[in-house]
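K.L.:
Predicted model and sequence follow; I will ask about them next.
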Amino acid sequence: MRLILAPMEGVIDYTLRELLTGLGALDRCVTEFVRVSDLLLPPRVFLRYCPELKHGGVTTAGVPVYLQLLGSDPPAMAENAARAAQLGARGIDLNFGCPSKTVNRTQGGAVLLRQPERVHAIVDAVRRAVPGSTPVTVKIRLGYDDNSLLEDNVRGIAAAGPTELAVHARTRRDAYRPPAHWEQLARIREWIQVPVIANGEIWSIEDAQRCRQASGCDDLMLGRGILSRPDLACLIRANDQQRELEPLPWPAVLALVIRLFETMRDIYKPRHVGNPVKQWLAYQRYYFPQAARLFERIKRLQNPVDIHAALCQEIMLAGS
């Protein structure tokens with residue numbers, strides 16, 4: 001039973017991969033997507049999205065990181081996948097699930113699910129371009145407007161020989177509105193022999209159990225749920241092993257937020273330093289009322305000194 005950190009564009013970059021994998025229980029990560037047009041990208045682009053390539057393609061905790069590509073041209077996708085593999089990517093992941101209107105307008109992400117033949121061609125080209133020892137995984141949604149082409153897409157992908165298929169159990173039209181239709185994944189598992197990973201609306205141990213029961217999938221991909229509760233993978237893993245594990249208290253979660261802020265101080269321009277922290281706190285509001293309070297205090301602050309002062313004050317409140 002594997003737990004995989006989902007790729008979330010503009011949210012889960014290498015800094016959050018470091019923090020979340022450092023807590024344990026995650027078996028794999030996937031980068032934000034690298035956009036492929038018709039050019040072979042230089043190595044620096046791959047390294048920007050996946051700095052882990054400099055260290056064997058793993059996080060400091062030793063968790064493998066797969067590099068995700070998004071594009072619509074089979075030869076270009078294949079050429080860039082080959083380069084990523086040469087640079088040491090632990091695996092290549094192909095994005096056919098992004099619901100962004102901007103991405104879809106330029107023939108990327110979920111819009112390609114309208115063209116099962118092209119989806120197959122991309123997966124097939126990439127699989128042929130990289131060494132057999134390099135995993136090629138695919139991420140899709142149930143469809144674009146509806147799931148009428150789901151079987152065509154799934155069978156076409158499987159025919160190209162990928163290592164695994166991750167399915168966000170909603171259509172592009174559904175976006176992120178609940179529910180996730182986990183039962184559709186049980187149908188997919190009947191159509192193909194490729195291992196299927198379940199994704200979507202997993203916020204708790206109970207959600208993980210219901211998802212596994214409805215989908216028949218052992219492996220789960222965690223996105224917004226693990227951002228809201230950073231130890232979610234640890235809690236699910238402990239439950240799988242029939243162990244008792246106390247959830248992280250707010251002071252421990254706050255310590256992670258502060259580590260993120262301190263990392264951002266060394267990377268971002270001053271006016272942007274607080275943005276990742278605000279974004280993470282916005283997700284954490286789902287579980288922690290203290291995160292909601294802190295978010296309200298800093299959401300309009302731009303000066304890193306002021307944000308740091310607010311974080312320090314929150315530390316004092318958390319310890320009192």
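P.N.:
Alright, I've got the coordinates.
K.L.:
ok, now which ones touch Glu183?
P.N.:
Applying CB atoms under 8 Å, 6 or more residues apart in numbering, we find Glu183 in contact with 214-215. C-beta: built from backbone N, CA, C; applies to glycine.
K.L.:
Pretty sure Phe46 sits against Glu52.
P.N.:
No - look at Phe46 against Glu52 with CB atoms under 8 Å: they stay out of range, at 10.5 Å.
K.L.:
pLDDT weak spots in this structure?
P.N.:
Residue ranges of the chain with pLDDT under 70: 320.
K.L.:
residue ranges for the strands of it, please.
P.N.:
Assigned strands in the chain, in chain order: 3-5, 28-30, 34-35, 65-70, 92-96, 136-141, 164-168, 196-199, 220-222 (criterion: DSSP state E).
K.L.:
Could you check how many residues crowd around Arg155?
P.N.:
Arg155 is surrounded by 14 other residues when neighbours are defined as other CB atoms under 10 Å.
K.L.:
Could you check how far the closest residue in space to it that isn't next to it in sequence is from Glu151?
P.N.:
The shortest distance from Arg155 to any non-neighbouring residue, by CB to CB, 6 or more residues apart in numbering, is to Trp191 (6.0 Å). Remark: distance between Trp191 and Glu151 (CB to CB, to the nearest Å) = 6 Å.
K.L.:
surely Asp124 meets Ala160?
P.N.:
Yes - Asp124 sits in contact with Ala160 when judged by CB under 8 Å, with a separation of 3.9 Å.
K.L.:
can you count the residues close to Pro304?
P.N.:
With other CB under 10 Å as criterion, Pro304 counts 18.
K.L.:
That one and Arg210, how far apart?
P.N.:
Counting by CB to CB - Pro304 and Arg210 are separated by 42 Å.
K.L.:
which residue ranges form the helices in the stretch 1-150 of the chain?
P.N.:
14-22, 43-49, 74-86, 101-105, 116-129, 150-159 (DSSP state H, counting those that start in this stretch).
K.L.:
Dump the ones you listed into a markdown table; add distance to Leu232 as well.
P.N.:
Shown next, in a markdown table, are the helices of the stretch 1-150 of the chain (distance: least, CB to CB, whole Å):
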| stretch | distance to Leu232 |
| --- | --- |
| helix 14-22 | 9 |
| helix 43-49 | 24 |
| helix 74-86 | 29 |
| helix 101-105 | 27 |
| helix 116-129 | 30 |
| helix 150-159 | 27 |
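K.L.:
Please spell out which residues along stretch 42-58 are buried.
P.N.:
For stretch 42-58, burial by neighbour count (16 or more other CB atoms under 10 Å) applies to 46, 49-53, 57-58.
K.L.:
right, I mislabeled it, should have said stretch 118-129
P.N.:
Using 16+ other CB under 10 Å as the burial criterion, the residues of stretch 118-129 that qualify are 118-127, 129.
K.L.:
next one: stretch 143-157
P.N.:
Of the residues in stretch 143-157, those buried by neighbour count under the rule 16+ other CB under 10 Å are 143-144, 147, 149-150, 152-154, 156-157.
K.L.:
Could you break the protein into its assigned domains?
P.N.:
Domain segmentation of the chain under automatic domain parsing yields 3-240, 250-319.
K.L.:
Quick check: which of those domains is buried the most?
P.N.:
Comparing the domains of the chain by mean neighbour count (mean count of other CB atoms under 10 Å), domain 3-240 ranks first with a mean of 20.
K.L.:
and that domain, how far apart are its ends?
P.N.:
Distances were taken as CA to CA, to the nearest Å; on that basis the terminal residues of domain 3-240 are 11 Å apart.
K.L.:
I am finished for the moment; much appreciated.
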